[in-house]
Structure formats: C-alpha cells, structure tokens
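J.: Predicted structure and sequence below. I'll ask about it afterward.
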Amino acid sequence: MTPLTHLLDQHILKPLGMYRDEATLLSVLKRRLTKKEYKILLANAEETFSRAETQERLSLDADRYDLLWKTLIKKINRDSIKRELFSS
C-alpha cells in the first residue's frame, strides 16, 4: 500500500473497491482538485513537510489551510470522483 492510498483509505468514507494504479490516481486527483488542494494532499501523503512548512510553502494561514483540507476531503468523497479512483 502506497502512502497516497493509505491516506485516501483514512478519509474516504465508503470505498468502491480496489484503487487503480498510482499513476492513474495521481492524474485523476491532479485533474479534479485545485493546485493547492493537490499539493496539500501530496504533502500529507508523503509526510515530507510538516503542516507549518506546507502552509509556508503555499502561503496559507491556518484558517485557509483548514478550509482547503475540509474541501479536499469533501471532494474525494464525491461519488463522481470515487468512481474514477476505484477500479470496477
């Protein structure tokens, strides 16, 4: 299990099966999320930067970071996006 699929497992409420391959997951997420949401997701998955470092790199305050994180979680739980993330 990759760090990205592990993070998605933690936050997707009702999985639809098995995840697609890593390259497909990244392309779907890059297409469906905003740039900052995508960067926040990757930073959390890879755990290369702390939250404070991520906020500084993306020029975000704590409230804006929290808002983007909540929006990100809502987006990945939409059925239309979940159908693209999981293989049939």
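T.: Received it, and whenever you're ready, just let me know what you need. Numbering: from 1, shown residues only.
J.: Which residue is the nearest non-sequential neighbour of residue 81?
T.: Among residues not flanking residue 81 along the chain, residue 32 sits closest, at 5.4 Å (CB to CB, 6 or more residues apart in numbering). Backbone N, C-alpha and C define where each C-beta goes, glycine included.
J.: ok, now residue 18?
T.: Per CB to CB, 6+ apart, closest to residue 18 is residue 87, 5.5 Å.
J.: Also residue 2?
T.: residue 22 (5.7 Å).
J.: So residue 15: helix, strand or coil?
T.: coil (DSSP: H, G, I helix; E, B strand; the rest coil).
J.: how close does the nearest residue to it once chain neighbours are set aside get to residue 12?
T.: Of all residues not flanking residue 15 in the chain, residue 86 sits nearest, at 6.7 Å (CB to CB, 6+ apart). Distance of residue 86 to residue 12, given as CB to CB, to the nearest Å: 9 Å.
J.: what do you get for residue 85?
T.: 8 Å.
J.: Identify the contacts common to the two.
T.: residue 76 (CB atoms under 8 Å, 6 or more residues apart in numbering).
J.: what about stretch 15-23, average pLDDT?
T.: Average pLDDT, stretch 15-23: 94.
J.: Give me the residues contacting it.
T.: Against stretch 15-23 from outside (CB under 8 Å, 6+ apart): 2, 4-5, 8-9, 25, 28, 82-83, 85-88.
J.: Just the buried ones among those residues, please.
T.: 4, 5, 8, 25, 28, 82, 85, 86 (16 or more other CB atoms under 10 Å).
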